[in-house]
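A.B. asks: Fold the stuff below for me.
(2 chains)
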Amino acid sequence: MKAFLTTLFGDVRNCCVVAALIASEAAMAHGGLAQEAAFAVPVVTLAGIVWLARPVR
Amino acid sequence: MTWTIFLPTFLTATVEWVEAFTIVLAVSLTIGWRASLGAAAAALATLAALTAATGGVLQLGVGMEWIQFLIGVFLLLFGVRWLAKAIARQAGLKAQHDEDEEFAVTKARLSSGDGRAAWLIAYKGVLLEGLEVWLVVVALSVGGAGWISGVGGACTALIMVAIAGACLRSPLRRVPENAIKFGVGAMIVSFGTFWSLEAIGGPEIWPMADWSLVGLVAFYIIGGLLASIALRRRILRGAAA
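C.D. replies: Alright, predicted model coming up:
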């Protein structure tokens, strides 16, 4: 079951990054920054991906 | 045929089916080809049922923006992980996936000779690798229009890997797995970013509509490569200090 859930959702760090991304998308889209969101969200996403790529200390 | 759906599905499925084949090959040495192929067929049947059921649920009339949001989140969960691993491998922070090693590890696990356990390992291996293919097929085929392209891409990859595996009867080590994971990871993250933000902010949020996807894919590929170079330099600096 754990392997099944990990396959679908990844580990805790992965889930935290995606939750933060969705939260930032919602904050920008509904916080008067909808036009900037299309440019800012990919940058934030890439930053999250690079953070995940770094080794866990 | 929608090639923008067929291609990423085909490439994702090729990587996953190669990993599944390695497990089935190792198991076949313990319980024979017939039993290990039976386990693989049972796992593939489970995946086919899952795909058919998901397709039915998606046609039930749930609001399109909700489906887009859910699929976008799943694609991000999956794509972010793939791209992060590909960047880490490119930077030398993580070992390249080695099918020979995977084969040796699975074979060692099977050394106890328990036939039922071996069957379960083959079933679980094919099911878990196939789940990632299912995710991509379902996510990219959403709305029904691309269903044939998505399932077609996954099935074509399965047939090709099965034929190559049957001819070689050894772990398939020539697939450039990291390059594929880099490209497909970037594509999946792009679809995930596009759909999740569009579901939250509406279709007008992307300045170039669907063409924004092309820019997103280029951004994630170039950005990912630059990040892997920066990470590698950092490691070298750390080693020199």
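A.B. asks: and after the helix or strand bottoming out on mean pLDDT in chain B, which helix or strand comes next?
C.D. replies: Lowest by mean pLDDT, DSSP states H and E among the helices and strands of chain B is helix B:99-109, with a mean of 73. Using DSSP states H and E, the helix or strand that follows helix B:99-109 in sequence is helix B:115-140.
A.B. asks: any idea how far that next one is from the chain center?
C.D. replies: 11 Å (Cα atoms, centre = their mean, to the nearest Å).
A.B. asks: now for the least confident helix or strand of chain B, which elements pack on it?
C.D. replies: Here helix B:99-109 touches helix B:3-58, helix B:115-140, going by 3 or more Cβ pairs under 8 Å, 6 or more residues apart in numbering or on different chains; DSSP states H and E. Yep, even glycine has a C-beta here, placed from its N, CA and C like the rest.
A.B. asks: and if we set it to 6 Å?
C.D. replies: helix B:3-58 (3 or more Cβ pairs under 6 Å, 6 or more residues apart in numbering or on different chains; DSSP states H and E).
A.B. asks: Give me the angle between the least confident helix or strand of chain B and helix B:115-140.
C.D. replies: Between helix B:99-109 and helix B:115-140, the angle comes out at 140 degrees (axes from the mean of the first three to the mean of the last three Cα atoms, to 10 degrees).
A.B. asks: got the angle between helix B:99-109 and helix B:3-58?
C.D. replies: Going by the same axes, to 10 degrees, helix B:99-109 makes 40 degrees with helix B:3-58.
A.B. asks: residues contacting the residue nearest in space to the middle of chain A?
C.D. replies: The geometric centre of chain A, computed from its C-alpha atoms, lies nearest to A:Val18 (Cα atoms, centre = their mean), at 2.9 Å. Going by Cβ atoms under 6 Å, 6 or more residues apart in numbering or on different chains, A:Val18 touches B:76-77.
A.B. asks: how far away is it from B:Gly72?
C.D. replies: 10 Å (Cβ to Cβ, to the nearest Å).
A.B. asks: ok, now B:Val161?
C.D. replies: Plainly put, B:Val161 is 29 Å away from B:Gly72 if you go by Cβ to Cβ.
A.B. asks: again, but for B:Gly223
C.D. replies: 19 Å.
A.B. asks: And B:Trp195, by the same measure?
C.D. replies: B:Trp195 sits 3 Å away from B:Gly72, going by Cβ to Cβ.
A.B. asks: What lies in contact with the lowest-mean-pLDDT helix or strand in chain A?
C.D. replies: Within chain A, no helix or strand scores below helix A:2-9, which has a mean of 75 by mean pLDDT, DSSP H and E. Helix A:2-9 is contacted from outside by A:15, B:77, B:128, B:131, using Cβ under 6 Å, 6+ apart.
A.B. asks: Return the member of those residues nearest to B:Phe103.
C.D. replies: B:Leu128 (16.6 Å; Cβ to Cβ).
A.B. asks: Can you get me a residue count around the closest one?
C.D. replies: By the criterion of other Cβ atoms under 10 Å in any protein chain shown, B:Leu128 has 19 neighbours.
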